[in-house]
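In: Sequence first, predicted coordinates after that:
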Amino acid sequence: MPKKSRKKKKGKKIKKRKPIKRKKKVSRKTKKRKSLKPKKRKTKKKIKTFVSQPKEDGEKIYKTKSEWIKKALVTKNLYEKKYNQSLKENDTFWRKEGKRISWIKPYSKIKDVKYSKSDVHIKWFYDGTLNASANCIDRHLKNNKDKTAIIWVGDDPKVQKKISYKQLHLEVSKIANGLKNIGVKKGDRVTIYLTMIPELAYTMLACARIGAIHSIIFGGFSPDSIAGRINDCNSDYVVTADEGVRGGKIIPLKEITDEALLSCTNVKKCVVVKRTGNRINWNEDRDVWYHDITKKCSCCV
């Protein structure tokens, strides 16, 4: 069939339509890239400090305050002199430096060090005898007895205590005598399971003072972990607390210790520090209060 021809009507103009602008489709990848671009933040004004000399490698050197330099026990020149001497004249250097601490029996031999496939050993001042507790405390009593030895900050930062060398000597001597009175002697193992309280430092230094071996266990360990450590070192004595406080939470130290000691038949005594005063289980044959064994003890050991 022949196609019919369309005739345009006279007097009417056909309007041309404007082309529609279509938006370009944005792929997911480009969207992610845009979202990853860091947004511009308002920068705060930098506070100027007494520091700041940037090095080429990007590090900063902080200048030491002049008042700190005046209080320093050693100058930069003296430090470098000592360091160089320790390299060039090693034995002579350490023979002199070793005399800075107190010795029960002075040393004559400086070191015996060997590194080989068959034998590795490191010995320093090995024919001398000293007491670590006496060096931490006693040698400071003559001139610095009122100086602060320990700054203790409790779980609540508002609770603080400054302990002088004189106070530290008194507390350590009392618990050392208390431990001796319940049977602890030189060579015995004492397990310490406490949170960060002053009695932890007192007990540790007391053990060193009487020659007992102390084993410190982290205050967050489980009963099985505690039992394993007590049995591995053949510990006869345990020092813990009724409860501990960490991050505002109460940790039932005595309860955890009681469960651990079910597997530790060799433990003779369990010393308990009264920390919170809350009610705890008590074994009359084994448990003793820290304050009871220290209140009647002398301050010298």
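Out: Done, it's in.

In: Just the CA coordinates for the helix or strand where residue 179 lies, please, in CSV.
Out: In this structure, residue 179 sits in helix 165-181 according to DSSP states H and E. Output in CSV follows, covering the C-alpha atoms of helix 165-181 (Å, rounded to 0.1, in the frame of the first residue of the first chain):
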residue,chain,number,x,y,z
TYR,A,165,61.5,7.4,104.2
LYS,A,166,61.0,7.4,108.0
GLN,A,167,57.4,6.3,107.7
LEU,A,168,58.3,3.7,105.0
HIS,A,169,61.0,2.3,107.3
LEU,A,170,58.5,1.9,110.1
GLU,A,171,55.8,0.2,108.0
VAL,A,172,58.2,-2.2,106.3
SER,A,173,59.9,-3.1,109.6
LYS,A,174,56.5,-3.8,111.2
ILE,A,175,55.3,-6.2,108.4
ALA,A,176,58.7,-7.8,108.2
ASN,A,177,58.5,-8.7,111.9
GLY,A,178,54.9,-9.7,111.5
LEU,A,179,55.8,-12.1,108.7
LYS,A,180,58.6,-13.6,110.8
ASN,A,181,56.2,-14.1,113.7
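
In: helix or strand right after that helix?
Out: Going down the chain from helix 165-181, the next helix or strand is strand 189-193, by DSSP H and E.

In: Check which helices and strands that following strand sits against.
Out: Where contact means 3 or more CB pairs under 8 Å, 6 or more residues apart in numbering; DSSP states H and E, strand 189-193 is packed against helix 198-210, strand 213-217, helix 223-232, strand 237-241, helix 253-261. The C-beta positions use only the backbone N, C-alpha and C, and glycine is treated the same way.

In: That strand to helix 165-181, inter-axis angle?
Out: With axes from the mean of the first three to the mean of the last three CA atoms, to 10 degrees defining the directions, strand 189-193 sits at 120 degrees from helix 165-181.

In: Strand 189-193 pairs with which strands, and in what direction?
Out: strand 213-217 (parallel), strand 237-241 (parallel) (DSSP bridges).

In: so how far is that strand from its chain's centroid?
Out: Remark: strand 189-193 is offset 18 Å from the chain centroid, using CA atoms, centre = their mean, to the nearest Å.

In: Quick one: the strands in the stretch 1-150 of the chain, in order.
Out: Taking DSSP state E, counting those that start in this stretch as the test, the strands found in the stretch 1-150 of the chain are 53-54, 60-61, 111-115, 120-124, 148-153.
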